[in-house]
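Colleague: test case, fold it:
(one chain, ligands or ions: 1)
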Amino acid sequence: MSTATKTKISAAVLKQFIAGQWVDGSSTKEIVSTNPADSREVLATLRGADRADALRAIEAAAKAFPAWRDTPAPVRGRILAKAAQILRARKEELARLMTREQGKILPEALGEMEKGITLIEWFAGEGLRLGGVTMPSELPKNILYTTRQPRGVASIITPWNFPFAIPAWKIAPALVSGCTVVFKPASLVPAMAVEFVKILDEAGLPKGVINLVLGSGAAMGDVLVEDSRVKVVSFTGSNEIGRRVHTICGARGIPVTCEMGGKNPAVVWGDADLDLALGGVMKGAFGSTGQRCTATSRLILDERIADKFLGMLLAEVKKIKLGDGLEAGIGMGPAVDESQLKTDLEYIEIGKKEGAQLLCGGARPTGEAFAHGCFVEPTVFDRVNPKSRLWQEEVFGPVLAVARAKTFDEALELANDCAFGLTCAVYTQDLTLAMRFSEKIEAGMVHVNSPTIGGEAQVPFGGVKGSGVGEREMSKEGLHFFTELKTVFLDYTGERRQSNIY
Ligand code: NAP
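Modeller: Have a look, this model is predicted:
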């Protein structure tokens, strides 16, 4: 293990946060958070939460709800703004923790911190704008208006790949709307979740408004979705769990948003600026070790430039330096854990068996520097059959599947021939082609001449088909998801007469 930039600290002992108290979980199962770049480094240990803890957290959130609902939205927003200030002051330190716990390289962790803080700032400001509309009535001296009221207790269930930004873009709109929160982060990233909740507490949230349960989703996740006191659920994670969460909420008749997997295509057309496309594909496919729901995992090349572009791509891939993301010059960190590494390697074997042409990568790197980490080489397969599993299924690792198209319509067909529909990219200088792509592609987000990744606080984020159900996240849509709309009919004539409206 290199010690060049790493400060060795002893493992933290983490706790649950319920009703404003830091308490031990009741499960006999211990959660151990280790550094995926070097599993000998234990970052944190804790006793996991079980179903009883989840119920206590829901109870605390339900109890705190009436007072929080009655707190003016601008005041709620100011608490979030304070949290954003604290986060900004601690940004560098938290990014380093993120790299050690999740594995992404430090510049990416800093980028995630910046994005999450910006989202909180944006939602904090929305506290001043959380209103409805007024409308004219058909009747004289009547006014019609709408208001937005918080739904109640929100369960927020998040994955490990963006351990700060995803919780931030769900928790901030829930809180500013006046909902109280039970937050269940992925078991692989407890340390980041604890730091975030500590900061929300320090910023002044009243007791019970935010509650944190760290424990196995399989063991106690259902409680957070099934309990009748939970009025809204926001989930991001795999399709398998998302569909289960969606089914339970559907049966209960409560609003739910599930952001799930992706298999995002980038089309590079013959007239494109190939250097620009190259940068975008590299970032999209191998950034965050391919562990982004928005990662570029399918590349569709215009046959006319395919060989040239692949030559450029392979030259760049070979330059990627793998290693501990805290070290300078490292271009790609490890997979998040042994299980994800195993999945990556399994899909590489599947690709080979399916007859795709392995152009580079395809194995674990060897050598002492990689001996204790979950590293996998950046991998590119060419001539992938669009009906194959490698083309159709989410790997969630640095494995890029390439296919070639003779016409733009064929490229579009290839891009749409997939169960997912989160995001996509097209590289072309032809405005007509770009517009055709934007109109016909089955995806929640479209990037023209930019990578498949990324999102901004003020615009909706989310997917279609197997990638998402429910309301979009971020933006006004993400905010309004946590509120009920109420229409008020107000008659101020002062006359005692019945209206003739039917
Ligand atoms: P996951 O296994 O589905 O887990 C997501 C969360 O659900 C975790 O907190 C997990 O807890 C919890 N969970 C597990 N079983 C549950 C149950 N029965 N009821 C309620 N919650 C339960 O997903 P992941 O492996 O963490 O994340 C990777 C996936 O997330 C990928 O498919 C990726 O595409 C997707 N993702 C999508 C987006 C998007 O915006 N579309 C963004 C990021 C990631 P434990 O950790 O304790 O198991």
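
Colleague: thought Ala272 was touching Thr428?
Modeller: Yes: contact criterion Cβ atoms under 8 Å: Ala272 and Thr428 qualify, at 5.3 Å. Placement of C-beta: from N, CA and C, glycine included.

Colleague: find the residues that touch each one of those two.
Modeller: Any residue near both Ala272 and Thr428 by Cβ atoms under 8 Å, 6 or more residues apart in numbering counts here, and that gives Asn449.

Colleague: show me the contacts for the residue nearest to the spatial centre of the chain.
Modeller: Centroid check for the chain by Cα atoms, centre = their mean gives Ile166 as the closest residue, at 4.4 Å. Residues near Ile166 by Cβ under 8 Å, 6+ apart: 158-159, 236.

Colleague: and which of these is nearest to the ligand?
Modeller: Closest approach to the ligand among the contacts of Ile166 (Cβ to the nearest ligand atom): Pro159, at 3.0 Å.

Colleague: pretty sure that closest one is touching Gly237, no?
Modeller: Yes: the pair Pro159 and Gly237 passes the contact test of Cβ under 8 Å, sitting 4.5 Å apart.

Colleague: for those two, list the residues in contact with both.
Modeller: Common contact partners of Pro159 and Gly237 (Cβ under 8 Å, 6+ apart): Ala186.

Colleague: ok so, going back, can you add neighbour count and give the contacts of Ile166 back as JSON lines?
Modeller: Below are the contacts of Ile166 laid out as JSON lines (neighbours: other Cβ atoms under 10 Å):
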{"residue": "Thr158", "neighbour count": "26"}
{"residue": "Pro159", "neighbour count": "24"}
{"residue": "Thr236", "neighbour count": "25"}
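
Colleague: show me which of these neighbour the ligand.
Modeller: 158-159, 236 (Cβ under 6 Å from any ligand atom).

Colleague: could you redo the residues you listed as TSV and give each row pLDDT and secondary structure?
Modeller: TSV is the format used below for the ones next to the ligand among the contacts of Ile166 (pLDDT from 0 to 100; DSSP: H, G, I helix; E, B strand; the rest coil):
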residue	pLDDT	secondary structure
Thr158	98	coil
Pro159	98	coil
Thr236	98	strand
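
Colleague: for the chain, which residues are neighbours of the ligand?
Modeller: 157-162, 184-187, 216-218, 221-222, 225, 236-238, 241, 244-245, 259-262, 293, 394, 396, 422, 463, 467-468.

Colleague: inside helices: which ones of these?
Modeller: Mapping those onto helices (DSSP state H) picks out 217-218, 221-222, 225, 241, 244-245.

Colleague: if you rank those by neighbours, which is first?
Modeller: Sorting these by how many neighbours each has (other Cβ atoms under 10 Å) puts Val245 first, at 26 neighbours.

Colleague: spit out the contact partners of that residue.
Modeller: So, once contact is read as Cβ under 8 Å, 6+ apart, Val245 ends up touching 157, 221, 225, 233, 235, 256, 258.

Colleague: which residues are in contact with the nearest residue in space to the last one that is not next to it in sequence?
Modeller: Spelled out, that is Cys258. Excluding its sequence neighbours, the residue lying closest to Cys258 (Cβ to Cβ, 6 or more residues apart in numbering) is Gly242, at 3.9 Å. Neighbouring residues of Gly242 by Cβ under 8 Å, 6+ apart: 235-236, 258-260, 469.

Colleague: what about 6 Å?
Modeller: Contacts here follow Cβ atoms under 6 Å, 6 or more residues apart in numbering; on that basis Gly242 touches 235, 258, 260.
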